[in-house]
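*Asks:* have a look at this fold, sequence not included:
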């Protein structure tokens, strides 16, 4: 099974931290959709992601069950191969050039087409301000460059149908474009986040409380309008960050525009 | 009794993986015991007794080849496990030289390797990896998805048959995946008369009997020389 064959992911309720029945009994996500998982620290976001990563079948702490295309996957189905993770790592442990790295990964996935390096780097460079060149060594990439390359690589080469993201932080990448790029490769995305913009970018969100999925919300039309305004605020914050980073002085006039 | 032999690189997390798996079985009421083989010292048996409250025994090979010591004591360890009333016995070996594998035909075999050892690590591990029934990869949270996938591919090249399972040794995420595989493995009735999956190296030279000096005059018995021309 890969991204061509996984159409839906369903989570069937388990129990919360106190052993009580989970309020949301069933939650389904379609390929190309993004589910945001929100809630305070310790509310069970990571556990929900771990249940998906392990294709829980009532055998994890939460007792949840995960269905693929409406049915429980075979015991022999290797979910490790179907779930990609974008962790908080912002560097590679491997050494070598960006080109070798991309080609090596593509080879392992039998996707070593002649344009693969160009495709991955085109996407990488659309996510990140400082361009990544194929001859550069992985170890000299900045946090933002590494992160952008990791995301582009998952979108272009990994055949995992499900992508789990534990917060895309502001490591100098365009997080909105990153999310769109992953969704465009018809992957199914589950994103744990505290960021209101990413939350509203998702098709829907589940709110975690006491280890349980307590409610589901679809992003409403009004929220979509809020999203516009929040993006303006985010852009303002972004330009202030850039300015300060580049040694500029901020002015009241510039930030009230 | 269920028996699993566990091999793996030093510090890959063999003990953590066993502990997570053991806890899952203990929750189902299964009686678990662990035998730990090591070369000079280990506190792992103490760890299992203290943290899991299960019977644990250690065997230190000291001046004997660790692999020879291990295979010479398999029957004894099996007998010890039966004595403890164990329904599940883990036989954990130390990260040894990887010339050998502790794995035995008919006894389910697990090898643990971490993602940080470099992409050539699977190839260097020899029969311990190539003859395992399942390979557990740890520390995957430390690397990118691409590095994880390439590492998995390299393991697959060395051992095309084994199941590959990723486990986070700190949180235990992934342990249920391993348990599903282990559940399907058969019980082991008798360990006597079974056979190693890979032969152990010949020795019996002067160094086997405690010789420490370097140089031809001090070498006798089964001595193999490097080709330098």
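*Replies:* Yep, that arrived. Every value quoted in this text rests on a predicted model; they were computed, and no experiment measured them. Numbers count the residues shown, from 1 in each chain, chains lettered A, B, ... in the order given.

*Asks:* please report the distance of residue A:96 from residue B:71.
*Replies:* 40 Å (Cβ to Cβ, to the nearest Å). Yep, even glycine has a C-beta here, placed from its N, CA and C like the rest.

*Asks:* sorry, wrong one. I was asking about residue A:240.
*Replies:* With Cβ to Cβ as the criterion, residue A:240 and residue B:71 are 67 Å apart.

*Asks:* ditto for residue B:8
*Replies:* Per Cβ to Cβ, residue B:8 is found 17 Å from residue B:71.

*Asks:* which one of those two has more residues nearby?
*Replies:* residue B:8 (28 against 16; other Cβ atoms under 10 Å in any protein chain shown).

*Asks:* contact partners for the more buried one?
*Replies:* For residue B:8, the contacting residues are B:14, B:95, B:111, B:112, B:113, B:128, B:136, by Cβ atoms under 8 Å, 6 or more residues apart in numbering or on different chains.

*Asks:* need the residues you listed in CSV (columns: distance to residue A:201 and neighbour count).
*Replies:* Formatted as CSV, the contacts of residue B:8 follow (distance: Cβ to Cβ, whole Å; neighbours: other Cβ atoms under 10 Å in any protein chain shown):
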residue, distance to residue A:201, neighbour count
B:14, 42, 27
B:95, 46, 17
B:111, 42, 31
B:112, 39, 28
B:113, 38, 26
B:128, 46, 28
B:136, 36, 31
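
*Asks:* which residue, other than its chain neighbours, is closest to the residue of chain B found nearest chain A?
*Replies:* Closest to chain A within chain B is residue B:153: 3.5 Å, counting by Cβ to the nearest Cβ. Of all residues not flanking residue B:153 in the chain, residue A:108 sits nearest, at 3.5 Å (Cβ to Cβ, 6 or more residues apart in numbering or on different chains).

*Asks:* surely the one you found touches residue B:151?
*Replies:* No. In terms of Cβ atoms under 8 Å, residue A:108 does not count as a neighbour of residue B:151; the distance is 9.0 Å.

*Asks:* more crowded one of those two?
*Replies:* Neighbour count, other Cβ under 10 Å: between residue A:108 and residue B:151, residue B:151 has more, with 26 against 19.

*Asks:* show me what from chain B comes close to chain A.
*Replies:* B:24, B:115-116, B:119, B:140-150, B:152-154, B:163-166, B:171, B:173-174, B:176-177, B:179-180, B:184 (Cβ under 8 Å from any Cβ of the partner chain).

*Asks:* ok, of these, which come out buried?
*Replies:* B:24, B:115-116, B:119, B:140-150, B:152-154, B:163-166, B:173-174, B:176-177, B:179-180 (16 or more other Cβ atoms under 10 Å in any protein chain shown).

*Asks:* looking at the stretch 101-250 of chain A, which residue is nearest chain B?
*Replies:* residue A:108 (3.5 Å).

*Asks:* circling back to that earlier point, which members of the residues of chain B next to chain A occur in strands, if any?
*Replies:* Secondary structure defined by DSSP state E assigns B:163, B:164, B:165, B:166 of the residues of chain B next to chain A to strands.

*Asks:* Throw those into CSV and include pLDDT, thanks.
*Replies:* Below are those laid out as CSV (pLDDT from 0 to 100):
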residue, pLDDT
B:163, 92
B:164, 94
B:165, 94
B:166, 94
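
*Asks:* can you give me the strands in chain B?
*Replies:* Assigned by DSSP E, the strands in chain B fall at B:2-8, B:32-38, B:56-60, B:88-92, B:109-114, B:134-138, B:163-167.

*Asks:* for those strands, which one sits closest to residue B:212?
*Replies:* Residue B:212 sits nearest to strand B:56-60 of all the strands of chain B, at 20.1 Å, using Cβ to Cβ.

*Asks:* now do the buried residues in the closest one.
*Replies:* B:56, B:57, B:58, B:59.

*Asks:* what's the closest of those residues to residue A:217?
*Replies:* residue B:56 (49.8 Å).

*Asks:* wait, that closest one touches residue B:34, no?
*Replies:* Yes. Contact criterion Cβ under 8 Å: residue B:56 and residue B:34 qualify, at 4.6 Å.

*Asks:* report the set of residues contacting both of the two.
*Replies:* Common neighbours of residue B:56 and residue B:34 (Cβ under 8 Å, 6+ apart) are B:44, B:45, B:48.

*Asks:* what's the neighbour count on the second one?
*Replies:* Same thing as residue B:45. Residue B:45: 18 surrounding residues under other Cβ under 10 Å.

*Asks:* what residues are bridge-paired with the residue most central in space within chain A?
*Replies:* The structure's chain A has its C-alpha centroid closest to residue A:165; by Cα atoms, centre = their mean the separation is 3.4 Å. Residue A:165 forms beta bridges with residue A:86, residue A:191, as assigned by DSSP bridges.

*Asks:* could you find the closest non-adjacent residue to residue A:138?
*Replies:* Residue A:138's closest residue in space is residue A:92 (Cβ to Cβ, 6+ apart), at 4.4 Å.

*Asks:* which ones are touching that neighbour?
*Replies:* Contact analysis of residue A:92 by Cβ under 8 Å, 6+ apart lists A:101, A:138, A:139, A:141, A:146, B:143, B:144, B:147.

*Asks:* farthest-apart pair in the residues you listed, please.
*Replies:* That would be A:141 and B:143, which, of the contacts of residue A:92, are the farthest apart (Cβ to Cβ) at 14.5 Å.

*Asks:* beta partners for residue B:37?
*Replies:* On the basis of DSSP bridges, residue B:37 is bridged to residue B:59.

*Asks:* my guess is it contacts residue B:61. True?
*Replies:* Yes. At 7.1 Å, residue B:37 counts as touching residue B:61 under the criterion of Cβ under 8 Å.

*Asks:* so who does the residue nearest to residue B:153 touch?
*Replies:* By Cβ under 8 Å, 6+ apart, the residues touching residue A:108 are B:149, B:150, B:152, B:153, B:154.

*Asks:* narrow these to those in helices?
*Replies:* Members of these lying in helices (criterion: DSSP state H): B:149, B:150, B:152, B:153, B:154.

*Asks:* tabulate those residues (CSV), appending pLDDT.
*Replies:* Formatted as CSV, these follow (pLDDT from 0 to 100):
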residue, pLDDT
B:149, 91
B:150, 92
B:152, 93
B:153, 92
B:154, 93
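
*Asks:* buried set for stretch A:175-195?
*Replies:* A:175-176, A:178-179, A:181-183, A:185, A:187-193, A:195.

*Asks:* which ones are touching residue 219?
*Replies:* In the absence of a named chain, chain A is used. A:200, A:201, A:202, A:203, A:204, A:205, A:227.

*Asks:* sorry, I should have been clearer: chain B.
*Replies:* Taking Cβ under 8 Å, 6+ apart, one finds B:205, B:206, B:207, B:211 in contact with residue B:219.

*Asks:* TSV please, covering those residues and showing neighbour count.
*Replies:* Compiled in TSV, the contacts of residue B:219 are given as follows (neighbours: other Cβ atoms under 10 Å in any protein chain shown):
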residue	neighbour count
B:205	15
B:206	16
B:207	16
B:211	13
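
*Asks:* what ranges do the helices span in the stretch 101-250 of chain A?
*Replies:* Counting by DSSP state H, counting those that start in this stretch, the stretch 101-250 of chain A has helices at residues A:116-127, A:143-156, A:175-184, A:196-201, A:221-245.
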